[in-house]
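Novice: Return atomic coordinates for the entry below.
(2 chains)
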Number of protein chains: 2
Amino acid sequence: MQSPTPASPTFPDVLAAAARIVRHVHATPVLRTRSLDELAGCTLHFKAEHLQRTGAFKFRGASNAVWALSDARAALGVVTHSSGNHGAALALAALSRGIPCHVVTPANAVPTKLAAIAAYGAALHRCEPTLAAREAACARLQQHSGATLVHPYTSADVITGQGTAVLELLRTAGPLDDVVVPVGGGGLAAGTALTLAGIAPDTRLVVAEPSGADDTARSLASGARVTELTPDTVCDGLRATLGAPNFALLRAAGAETLVVDDDATLAAMRLVWQRMKQLIEPSAAVTLAAVLAHPQRFAGRRVGIVLSGGNADIAALTGAAA
Amino acid sequence: MQSPTPASPTFPDVLAAAARIVRHVHATPVLRTRSLDELAGCTLHFKAEHLQRTGAFKFRGASNAVWALSDARAALGVVTHSSGNHGAALALAALSRGIPCHVVTPANAVPTKLAAIAAYGAALHRCEPTLAAREAACARLQQHSGATLVHPYTSADVITGQGTAVLELLRTAGPLDDVVVPVGGGGLAAGTALTLAGIAPDTRLVVAEPSGADDTARSLASGARVTELTPDTVCDGLRATLGAPNFALLRAAGAETLVVDDDATLAAMRLVWQRMKQLIEPSAAVTLAAVLAHPQRFAGRRVGIVLSGGNADIAALTGAAA
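Specialist: Got it, this is the predicted structure:
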């Protein structure tokens, strides 16, 4: 009997992830807002992952990856190359298990995000801001330390960990007609595909993507994964290119893609700030923007939305949104 | 037997208010945040009234005042002279009962706040930006329409309605050592005093006040109500002078006053934005600022805090906070 390959997780792996991380992650609330329901013409059920520890759903996948390691492997630590929400999430997950965490960060990373990662006790390793330099630095660290690479979105344990968000959403909200999640590298989207296939096969999976990083839409439309992308979007969490296992899972799920421009995303973000009083980041608002841009598509339906994160640079965004 | 005067509500009136408004107001959640507990050195239980309808606790008092009217009185409508959170709250409460609402607004009021009040169907009546002009306009409107004046903080029904927030907080959080509320005109503070006297006599009432509008601190210290005040604070909800019945209730309760300068309040507001991802307005942050400024006073205690509102001008505040 063959064990599943790292790239092919299944729904039972999501259930295993849920059991593994239950003591570590917040069971975030599902929020409802009358005025946004009226505006959208449907009922919106917001899974508040911006209230997750470290301020993003990423803590689910990172925790699952860290706690899935054997004691011997774990002792050698973990490594990744995200200077965003995944980096902070992995740092806190490693801290909670008491193991080393290395984060390779490009020289042009945002200082406040690096400070957050360092505050969780991770070792920062600067490198040139190219993919080649980043991967070389990661490989060197793995070789020297024996640390396990936890990829931000292609790792099977990360994908299944992210799938637990919509598992909780469905348990709280009940049956939904659509679940809308943002897509960048595709960790949350792929995990959600597994969850829907497992317990809600009639719920449609909709992935919302910025028009300035629309490789997922083009990949799913053409059937061939686009790997060349120069992202141009304010959604800093969605600039990654869709991963290979993520592409396979979204394709198998028949995911529907909705592409949104940044102006609509920033307008949706401001709506959530004003109406819900919830501080979400732009990457989390692409979902609501997609729903509001397609009123006929969603009319009268029960729609789940994952508010993916809340680590916004408010001062910069207020300028951008003015 | 004499009925209680409008200025002397008691705890049973708070219970009556709670029963009267239960179908109209949100039972807002009580939020906890590990990192703020660590920072403050105590456990903080945040009553999230920024998630109340209209974005502020004011909807409790306004709803109670509106629904306490007889059908005959109600049909003539209500009137007030607040262009802030109370104006919006009274407008929505009147809309929900289907009665007219008049709001007298000074010519220099914030346009976005006026738009919110108008969106709830209230009639706006502009006047010169002086207390005399405002009161004269209100008196004229009452005379012509027969509408009932609902004062923003001295009305007994408003005070008892505001008292329901901490009633819910205590039911959810359990016993508390301290309850900290912001104080401007004193509606929330006085209502909270009634609630604590009724069900939690050992819980200390702490009122937090901006240093640029510290009439309550001076009034309680001297035993004579200060009525001359030129407020100078970013906390636009706390610029009113403490009302007479409010003063009497706070004095009887032995309320403790903590005065906070605006820099500390804005820093506390940013902490709530960043750590809790909750968009609160400055007036709501004066409480946390007071707790953080007095670590020995609150060390190890169970502290309830009312996050009073979330109607912030984010763009202006981000500039102010930069």
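Novice: Stretch A:284-300 and chain B in contact?
Specialist: No. Under the criterion of CB under 8 Å from any CB of the partner chain, stretch A:284-300 makes no contact with chain B; the nearest approach is 10.2 Å. C-beta: built from backbone N, CA, C; applies to glycine.
Novice: Pull out the buried residues from that stretch.
Specialist: Along stretch A:284-300, these residues count as buried under the neighbour rule (16 or more other CB atoms under 10 Å in any protein chain shown): A:Ala284, A:Ala285, A:Val286, A:Thr287, A:Leu288, A:Ala289, A:Ala290, A:Val291, A:Leu292, A:Ala293, A:Arg297, A:Phe298.
Novice: Check which helix or strand A:Thr257 maps to.
Specialist: Using DSSP states H and E, the element containing A:Thr257 is strand A:256-260.
Novice: State the mean pLDDT of that strand.
Specialist: Averaged across strand A:256-260, pLDDT comes to 98.
Novice: How about stretch A:306-314?
Specialist: Mean predicted confidence for stretch A:306-314 is 92.
Novice: Stretch A:86-97 now?
Specialist: 97.
Novice: Quickly find the element holding the residue nearest to A:Arg60 when sequence neighbours are not counted.
Specialist: Nearest residue to A:Arg60 in three dimensions, chain neighbours excluded: A:Gly161, at 4.3 Å (CB to CB, 6 or more residues apart in numbering or on different chains). Using DSSP H and E, A:Gly161 maps to helix A:156-173.
Novice: send the alpha carbons of that helix over as CSV?
Specialist: Taking C-alpha atoms only, helix A:156-173 is exported to CSV below (Å, rounded to 0.1, in the frame of the first residue of the first chain):
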residue,chain,number,x,y,z
ALA,A,156,0.2,19.0,1.5
ASP,A,157,0.0,19.7,5.2
VAL,A,158,-0.4,23.4,4.6
ILE,A,159,-3.2,22.7,2.0
THR,A,160,-5.1,20.4,4.4
GLY,A,161,-4.6,22.8,7.3
GLN,A,162,-6.1,25.7,5.3
GLY,A,163,-9.1,23.4,4.5
THR,A,164,-10.2,23.4,8.1
ALA,A,165,-11.4,27.1,7.8
VAL,A,166,-14.3,26.2,5.6
LEU,A,167,-14.9,23.0,7.5
GLU,A,168,-15.7,25.2,10.5
LEU,A,169,-17.6,27.7,8.4
LEU,A,170,-20.0,24.9,7.1
ARG,A,171,-20.4,23.6,10.7
THR,A,172,-21.4,27.0,11.9
ALA,A,173,-23.4,28.5,9.0
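Novice: Report the buried residues of that helix.
Specialist: A:156-170, A:173.
Novice: on that earlier part again, what pLDDT is listed against the residue nearest to A:Arg60?
Specialist: For A:Gly161, pLDDT reads 98.
Novice: measure it to A:Ser63 for me?
Specialist: For A:Gly161, the distance to A:Ser63 equals 6 Å [CB to CB, to the nearest Å].
Novice: if I look at those two, which residues touch both of them?
Specialist: A:Ile21 (CB atoms under 8 Å, 6 or more residues apart in numbering or on different chains).
Novice: Report how many residues lie close to the residue of the stretch 151-300 of chain A found nearest chain B.
Specialist: Closest to chain B within the stretch 151-300 of chain A is A:Lys277: 3.9 Å, counting by CB to the nearest CB. Neighbourhood size, A:Lys277 [other CB atoms under 10 Å in any protein chain shown]: 23.
Novice: The spatially most central residue of chain A: what's it in contact with?
Specialist: Taking CA atoms, centre = their mean, the centroid of chain A lies closest to A:Leu188, which sits 4.5 Å from it. Residues near A:Leu188 by CB under 8 Å, 6+ apart: A:Phe57, A:Gln162, A:Ala165, A:Val181, A:Pro182, A:Val306, A:Ser308.
Novice: Which ones among those residues map onto strands?
Specialist: Judged by DSSP state E, the contacts of A:Leu188 include A:Val181, A:Pro182, A:Val306 as members of strands.
Novice: Dump those residues into TSV; add distance to B:Leu39 and neighbour count as well.
Specialist: Output for these, formatted as TSV (distance: CB to CB, whole Å; neighbours: other CB atoms under 10 Å in any protein chain shown):
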residue	distance to B:Leu39	neighbour count
A:Val181	33	30
A:Pro182	31	30
A:Val306	29	27
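Novice: which ones among the residues you listed come in contact with chain B?
Specialist: Within these, nothing lies near chain B by CB under 8 Å from any CB.
Novice: what are the phi and psi values for A:His151?
Specialist: phi -70, psi 140 (degrees, to the nearest 10).
Novice: Contact partners for it?
Specialist: Neighbours of A:His151 in contact, by CB under 8 Å, 6+ apart: A:Thr80, A:Val158, A:Gly243.
Novice: quick one: the second one and A:Ser63 touch, right?
Specialist: I take that to be A:Val158. No. With contacts counted by CB atoms under 8 Å, A:Val158 stays clear of A:Ser63, the gap being 9.8 Å.
Novice: what about the spatially closest residue to A:Glu135 that is not a sequence neighbour, how many neighbours?
Specialist: Excluding the flanking residues, the one nearest A:Glu135 by CB to CB, 6+ apart is A:His81, at 7.3 Å. Residues lying near A:His81 (other CB under 10 Å) number 24.
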